[in-house]
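Student: Give the three-dimensional model of this entry:
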Amino acid sequence: MGFFKVPYTVILLYLSMVVCLVFQSCASGLDANQTATLVVNVSETSARPIPETLFGIFFEEINHAGAGGLWAELVSNRGFEAGGPNTPSNIDPWSIIGDESSLVVSTDRSSCFDRNKVALKMEVLCDSEGANICQPGGVGIYNPGFWGMNIEQGKTYKVVLYVRSSESINITVSLTDSNGGQILATTNIIASASDVSNWKMVEVLLEAKATNPKSRLQLTTTRKGVIWFDQVSTMPLDTYKGHGFRSDLVDMLANLKPRFIRFPGGCFVEGEWLRNAFRWKETIGAWEQRPGHFGDVWMYWTDDGLGYFEFLQLAEDLGALPIWVFNNGISHNDQVDTSSVLPFVQEALDGIEFARGSPNSKWGSIRAKMGHPEPFDLRYVAVGNEDCGKKNYRGNYIKFYSAIKLAYPDIQIISNCDGSSRQLDHQAELYDFHVYTSANDMFSMAHKFDHTSRSGPKAFVSEYAVTGKDAGKGSLLAALAEAGFLIGVEKNSDVVNMTSYAPLFVNVNDRRWSPDAIVFDSSKLYGTPSYWMQSFFAESSGAILHNATLQTVSSTALIASAITWTNSVDNRSYLRIKIVNFGTDLVNLKISVDGLDPNTAQLSGSNKTVLTSANLMDENSFVEPKKVAPTPTRLEIAGKEMNIILSPHSFTSLDLLKESTHLEMTGTDASTRSSI
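Tutor: The predicted structure follows:
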């Protein structure tokens, strides 16, 4: 192919287009579909308050979110109950150190705890001398925790166990690496036969001399005899506020500034069968006396160290309101007839009394004995989870509603039935709304509540997420679609009072559901793009919502909202404008702010934060925990009129500081000046 001459003007035009694309500075000269105007009216007459409770979190025991996650207990199956109440029983993941010639391990029902009778019997056949000498380091049992215990150098761990023997004992308690070769911390329990002839609780503190995220707990001996163990616990001392929660995971929750926490499920509350449902009375009191239960929906055992009391405590520690979801006599496969549901109703009433009754009440006194004499701030309860279509739900619900309202008129009661499209046929203060769908459907659902009746119960969007191939294990695409949906929720916050993503946590070693907001193992964690997306709404609860009107030629890929929020640290007010560009085009957005108070001189000291990435399906990982995360920059030029470039497939937030002028009053000196 030969060369040909190109006119000089064409070359200049081509070069200018290249510069535009490289620096993304010429969007206003592109196709009309790639330009838009956002008019924000911040006058008081057009503003309305957002509910204080709009954004929160939802915890369910799924993906080992609590057992092996948020709850900092390091021992898995601490009471040897996970194999069931009959003996012999499966003690997994406990394993044996030694062989059949040196020890025999079995289970019996000799425990001192009435509600969890299984104990471990260890018959040691070897000795420190004689013909059958124990192997170096002794023989015994070990527990690897939940896919490894994270033991950190310099930190202290409390080991509590119950022990019994008819002979004197010398037991070595150690934290070691995964094969027992490296000792990270160790001590000995030495006791005479008279000291341990009956069950005795022993507590030791171990300070780690090294770090290993795949550690295990060992109980070994070189002394011949029979020893029984039960309720073996290992906890780090540095839990969140000293209340037993894994600090780094709670820090991730605190970063979202949740106004409520819904717990403990989810399907976990229902169970596949009622016999395996979460029952709050089995989860309170001393941890070693809790029977634990098998969560047959997500198919794993939990010792219920993270119980009803602990959930209430977590809500208080986060400054969030607790929303308790209780079983209403219905599981996935069986249900109680309405004529027989009153014992379940009483169980719910007792649960409310436990949370907020006086220390002198029957159930409030148990709470007080657990270390919390003051009532918890329980204002909301949900009658079941996703049960509306089941035969007995409405009848059961009415029984619960009437009894709770009679005893606690101020309690806000949440129905499982969706009232977004038509009025409920029963009384409720809120109704539950769940949505799991594709990215396009989720983004379009930004308008779901635009035409919902403004009278009647408010919506509680307690579970939402993009799922399926659009989500992967947590993609940018999913986060952008969810951001669009939440902006729609924010704009409809006169009829939507609460919103929370689901699920919250996943331990990578037991992923039962994808995607999830926070991913972790024994020592590491990261937030998915959906987690970081939620952080953009951390200041929305209790803020002031303004009219924000987009003007575009034909694009439906943009959605925006505007709020005024006050920074609690410096008490300064900010205008926050959030825009999702769900489309493939770069957009030049002109922002016009109308209705500023005459005494507001300017918008300054401002920031721009963007959530985007090179690929729509980009995900975070332990290797790249913030591959898709908010990127903040200083917005030097901010005012009533601004031009902002929106990247394709991005979520942008602008925080504009609202400056106030100082007015000098006539006839006064400087000391009487006021800031308005």
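Student: From now on I want contacts and neighbour counts done on CA atoms only, so please keep to that.
Tutor: Noted.
Student: For Asn509, give me its contacts.
Tutor: Residues near Asn509 by C-alpha atoms under 8 Å, 6 or more residues apart in numbering: 147, 521.
Student: Not counting its neighbours along the chain, what's nearest Gly154?
Tutor: Distance criterion C-alpha to C-alpha, 6 or more residues apart in numbering; nearest residue to Gly154, sequence neighbours excluded, is Ala208 at 5.4 Å.
Student: My read is that that neighbour contacts Thr187, right?
Tutor: No: counting by C-alpha atoms under 8 Å, Ala208 sits too far from Thr187 to count as a contact (11.3 Å).
Student: Who has more neighbours out of the two?
Tutor: Ala208 (21 against 14; other C-alpha atoms under 10 Å).
Student: What's the separation between that one and Tyr240?
Tutor: 19 Å (C-alpha to C-alpha, to the nearest Å).
Student: Just give me the residue right at the centre of this structure.
Tutor: Leu504 (3.9 Å; C-alpha atoms, centre = their mean).
Student: if I pick the residue nearest to that residue when sequence neighbours are not counted, what's in contact with it?
Tutor: Nearest non-adjacent residue to Leu504, counting by C-alpha to C-alpha, 6+ apart: Ala517, 5.0 Å away. Counting by C-alpha under 8 Å, 6+ apart, Ala517 touches 474, 501-506, 527-531.
Student: State the distance from Ala517 to Ala614.
Tutor: Note on Ala517: its distance to Ala614, by C-alpha to C-alpha, is 21 Å.
Student: got a list of what Ile189 touches?
Tutor: Each residue near Ile189 by C-alpha under 8 Å, 6+ apart is listed here: 169-173.
Student: now swap in Ser453 and tell me
Tutor: If you count contacts by C-alpha under 8 Å, 6+ apart, then Ser453 has 420-421, 495 around it.
Student: That one: which element?
Tutor: Secondary structure assignment for Ser453, by DSSP states H and E: no helix or strand.
Student: Show only the entries of the contacts of Ala517 found in helices.
Tutor: 529-531 (DSSP state H).
Student: top of those residues by neighbour count?
Tutor: Most neighbours among the ones in helices among the contacts of Ala517, by other C-alpha under 10 Å: Pro529, with 31 neighbours.
Student: just checking, that one touches Ala629?
Tutor: Yes: at 6.4 Å, Pro529 and Ala629 qualify as touching, with contact defined as C-alpha under 8 Å.
Student: State the pLDDT value of Glu641.
Tutor: What the model reports for Glu641 is a pLDDT of 89.
Student: Just confirm it contacts Leu603, I think it does.
Tutor: No: Glu641 is beyond contact range of Leu603, at 10.0 Å (criterion: C-alpha under 8 Å).
Student: So which of these two has more stuff around it?
Tutor: Neighbour count, other C-alpha under 10 Å: between Glu641 and Leu603, Leu603 has more, with 21 against 13.
Student: Any idea what that one is bridged to?
Tutor: Lys658 (DSSP bridges).
Student: From Ser361, how far out is it?
Tutor: Taking C-alpha to C-alpha, one finds Leu603 at 55 Å from Ser361.
Student: all helices for the stretch 251-400 of the chain, in order.
Tutor: Counting by DSSP state H, counting those that start in this stretch, the stretch 251-400 of the chain has helices at residues 267-270, 308-318, 342-356, 362-369, 393-407.
Student: oh, I was asking about the stretch 501-650 of the chain
Tutor: So, for the stretch 501-650 of the chain - with DSSP H, counting those that start in this stretch - the helices run 529-535.
Student: Quick check: which ranges of it have low pLDDT?
Tutor: Filtered on pLDDT under 70, the stretch 501-650 of the chain yields the residue ranges 554, 598-602.
Student: residues in contact with Thr239?
Tutor: Neighbours of Thr239 in contact, by C-alpha under 8 Å, 6+ apart: 72, 245-247.
Student: Which one (most neighbours) among those?
Tutor: Compared across those, Ala72 has the highest neighbour count, 25 neighbours, by other C-alpha under 10 Å.
Student: Of all the helices of the stretch 251-400 of the chain, which one comes closest to Asn620?
Tutor: In terms of C-alpha to C-alpha, the element of the helices of the stretch 251-400 of the chain nearest to Asn620 is helix 308-318, at 25.6 Å.
Student: Output that closest one as CSV, restricted to C-alpha atoms.
Tutor: Once non-C-alpha atoms are left out, helix 308-318 reads as follows in CSV (Å, rounded to 0.1, in the frame of the first residue of the first chain):
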residue,chain,number,x,y,z
TYR,A,308,-28.4,-13.2,72.0
PHE,A,309,-26.6,-11.2,74.7
GLU,A,310,-23.5,-10.8,72.6
PHE,A,311,-25.5,-9.5,69.6
LEU,A,312,-27.1,-6.9,71.9
GLN,A,313,-23.7,-6.0,73.2
LEU,A,314,-22.2,-5.7,69.7
ALA,A,315,-25.0,-3.3,68.7
GLU,A,316,-24.3,-1.1,71.8
ASP,A,317,-20.6,-1.2,71.1
LEU,A,318,-21.2,0.1,67.6
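Student: how far is it from where the chain is centred?
Tutor: Here helix 308-318 is found 13 Å from its chain centre; the criterion is C-alpha atoms, centre = their mean, to the nearest Å.
Student: cool, stretch 191-198 as well?
Tutor: Using C-alpha atoms, centre = their mean, the offset of stretch 191-198 from its chain centre is 44 Å.
Student: Give me the contact list for that stretch.
Tutor: 163-170.
Student: for that stretch, which positions count as buried?
Tutor: For stretch 191-198, the buried set under the neighbour-count rule, 16 or more other C-alpha atoms under 10 Å, comprises 195-196.
Student: Could I get the CA-only coordinates of that stretch as PDB?
Tutor: The C-alpha coordinates for stretch 191-198 follow below in PDB (Å, rounded to 0.1, in the frame of the first residue of the first chain):
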ATOM      1  CA  ALA A 191      -2.700 -30.900  90.200                       C
ATOM      2  CA  SER A 192      -3.100 -33.600  92.800                       C
ATOM      3  CA  ALA A 193      -5.700 -36.300  92.500                       C
ATOM      4  CA  SER A 194      -7.800 -34.700  95.300                       C
ATOM      5  CA  ASP A 195      -7.800 -31.400  93.300                       C
ATOM      6  CA  VAL A 196      -9.200 -32.900  90.200                       C
ATOM      7  CA  SER A 197     -11.300 -35.800  91.500                       C
ATOM      8  CA  ASN A 198     -14.300 -33.700  90.600                       C
END
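Student: State the mean pLDDT of that stretch.
Tutor: Here stretch 191-198 scores 97 as its mean pLDDT.
Student: now Phe229: how far from Val160?
Tutor: Look at Phe229 and Val160: by C-alpha to C-alpha, they are 11 Å apart.
Student: Looking at those two, which one has more neighbours?
Tutor: Between Phe229 and Val160, counted using other C-alpha under 10 Å, Phe229 has the larger neighbour count: 25 against 18.
Student: before we move on, back to that, now neighbour count too, for the contacts of Ser453, in TSV please.
Tutor: Listed next are the contacts of Ser453 as TSV, based on neighbours: other C-alpha atoms under 10 Å:
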residue	neighbour count
Ser420	22
Ser421	11
Val495	24
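Student: would you list these in CSV and tack on secondary structure and pLDDT?
Tutor: Below are the contacts of Ser453 laid out as CSV (DSSP: H, G, I helix; E, B strand; the rest coil; pLDDT from 0 to 100):
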residue, secondary structure, pLDDT
Ser420, coil, 94
Ser421, coil, 90
Val495, coil, 97
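Student: which of the residues you listed lies closest to Asn571?
Tutor: Distances from Asn571 to those, taken by C-alpha to C-alpha, are shortest for Val495, at 28.5 Å.
Student: nearest residue to that closest one other than its sequence neighbours?
Tutor: Lys458 (5.1 Å).
Student: and Leu136, how many residues sit next to it?
Tutor: No, residue 136 isn't Leu; it's Pro. Using other C-alpha under 10 Å, Pro136 has 9 neighbouring residues.
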